[in-house]
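Chemist: only geometry, no sequence info:
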Ligand SMILES: Cc1cc2nc3c(=O)[nH]c(=O)nc-3n(C[C@H](O)[C@H](O)[C@H](O)COP(=O)(O)O)c2cc1C
């Protein structure tokens with residue numbers, strides 16, 4: 001303590017990153033996280049194949065926010081050529097930093113040889129990182145797990161290859177692919193990655209608050225943390241944690257008035273991004289997360305999941321905070 005900013009290409013960034021989460025960290029959510037302070041945020045994973053095909057929905061996922069700094073795209077794919085093309089498209093769309101997904105455990109992704117499946121093929125990892133680094137002048141970062149399974153925890157080897165090929169920063173989720181999200185993240189296993197390379201390193205997995213962040217940093221020796229699920233329904237948490245790591249003082253949790261204002265603002269952003277009909281469906285999960293721990297949350301969730309208009313959702317929110 002305190003943890004200094006991290007060098008990421010020409011950017012100096014806080015030591016707390018928001019994790020990419022497909023179906024969650026769209027522009028509306030990222031804007032809401034950034035309302036509380038600037039820290040690195042990332043697009044949801046973007047399939048390099050779809051990006052290269054010019055899929056409109058995929059390209060819309062690269063709608064960055066004016067205050068996003070740096071503008072960070074996560075690409076997922078299994079062929080160096082497609083990754084290189086997608087990297088160029090990302091740069092044209094305004095990306096300032098690239099991230100390569102080598103940690104996604106979802107069957108559909110690993111069956112295609114992407115995400116965490118790449119960790120089983122170190123020579124392909126080398127080619128993919130090489131292709132991404134040489135496609136543009138943008139810094140390339142890599143997000144991985146400890147390995148495919150307990151018997152194959154090769155994150156240090158993958159990290160070394162990535163460093164040799166010119167990667168700028170590494171993020172390691174302290175679980176194997178076989179673990180999916182079960183059990184607890186093994187932060188101490190991330191230490192071997194830091195010992196294998198000189199690159200800045202982020203530890204990820206089960207970081208919820210100041211205590212877990214401190215414990216993860218101590219166990220892993222990492223330079224910073226990446227926070228995912230704890231920020232669902234609590235978009236103020238990443239920047240609170242960043243303040244804590246930078247200054248040693250934890251800001252007060254936001255008042256109920258601020259929380260209420262945050263949900264309404266997030267909902268308005270979802271309506272703006274997706275239009276009313278789609279926003280009703282997309283916002284349900286977020287509203288349920290925001291309601292956690294509040295009196296009346298169970299009834300609120302039932303109403304929210306049945307609501308068909310934004311006006312109905314707003315009414316339910318008014319009632320929840322009444
Ligand atoms: C709903 C959801 C979607 C996710 N999508 C992605 C993704 O698109 N790319 C990625 O690298 N990781 C993805 N992850 C993994 C997270 O980035 C993170 O590594 C993981 O949740 C562990 O961190 P946490 O314990 O702080 O949530 C996703 C996780 C969740 C829960």
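Modeler: Great, that's in hand. Keep in mind it's a predicted model, so treat the numbers as computed, not measured.

Chemist: Only C-alpha atoms from now on, for both contacts and neighbour counts.
Modeler: OK.

Chemist: ok, the nearest residue to residue 93 once chain neighbours are set aside - contacts?
Modeler: Excluding its sequence neighbours, the residue lying closest to residue 93 (Cα to Cα, 6 or more residues apart in numbering) is residue 62, at 6.8 Å. For residue 62, the contact set (Cα atoms under 8 Å, 6 or more residues apart in numbering) comprises 43, 73, 90, 93, 95.

Chemist: gap between the fourth one and residue 157?
Modeler: Between residue 93 and residue 157 the distance, using Cα to Cα, to the nearest Å, works out to 32 Å.

Chemist: How about the first one?
Modeler: Noted for residue 43: a distance of 27 Å to residue 157, by Cα to Cα.

Chemist: Quick check on the two: which one has the bigger neighbour count.
Modeler: With neighbours defined as other Cα atoms under 10 Å, residue 43 and residue 157 compare such that residue 43 has more, 27 against 17.

Chemist: is it true that that one lies in a helix?
Modeler: No - remark: residue 43 does not belong to a helix; assigned using DSSP: H, G, I helix; E, B strand; the rest coil, it is strand.

Chemist: Contact residues of the stretch 101-250 of the chain facing the ligand?
Modeler: With the criterion set to Cα under 6 Å from any ligand atom, the stretch 101-250 of the chain comes near the ligand through 101, 103-104, 173, 204-207, 227-229.

Chemist: And residue 19, its phi and psi?
Modeler: Dihedral angles of residue 19 (phi, psi; degrees, to the nearest 10) stand at phi -70, psi 150.

Chemist: So for the residue lying closest to it once chain neighbours are set aside, what's the pLDDT?
Modeler: Nearest residue to residue 19, sequence neighbours excluded (Cα to Cα, 6+ apart): residue 228, at 4.6 Å. At residue 228, the pLDDT value in this model is 98.

Chemist: can you list contacts of stretch 262-277?
Modeler: Under Cα under 8 Å, 6+ apart, the answer for stretch 262-277 is 27-29, 32, 278-280, 282-283, 287, 290, 308-310, 314.

Chemist: ok, 10 Å please
Modeler: Residues from elsewhere that reach stretch 262-277, judged by Cα atoms under 10 Å, 6 or more residues apart in numbering: 26-33, 35-36, 60, 233-236, 254, 256, 258-259, 261, 278-280, 282-284, 286-287, 290-291, 308-311, 313-314, 317-318.

Chemist: From those residues, list the buried ones, please.
Modeler: Using 16 or more other Cα atoms under 10 Å as the burial test, these include 26-33, 36, 233-236, 259, 279-280, 282-284, 286-287, 290-291, 308, 310, 313-314, 317 as buried.

Chemist: what are the ranges of the strands in the stretch 201-322 of the chain?
Modeler: Secondary structure of the stretch 201-322 of the chain (DSSP state E, counting those that start in this stretch): strands at 201-204, 224-227.

Chemist: quick check: mean pLDDT across the first one?
Modeler: Right, the one you point to is strand 201-204. On average, strand 201-204 scores 98.

Chemist: List the neighbouring strands of that strand plus their orientation.
Modeler: Sheet pairing of strand 201-204 (DSSP bridges) gives strand 169-176 (parallel), strand 224-227 (parallel).
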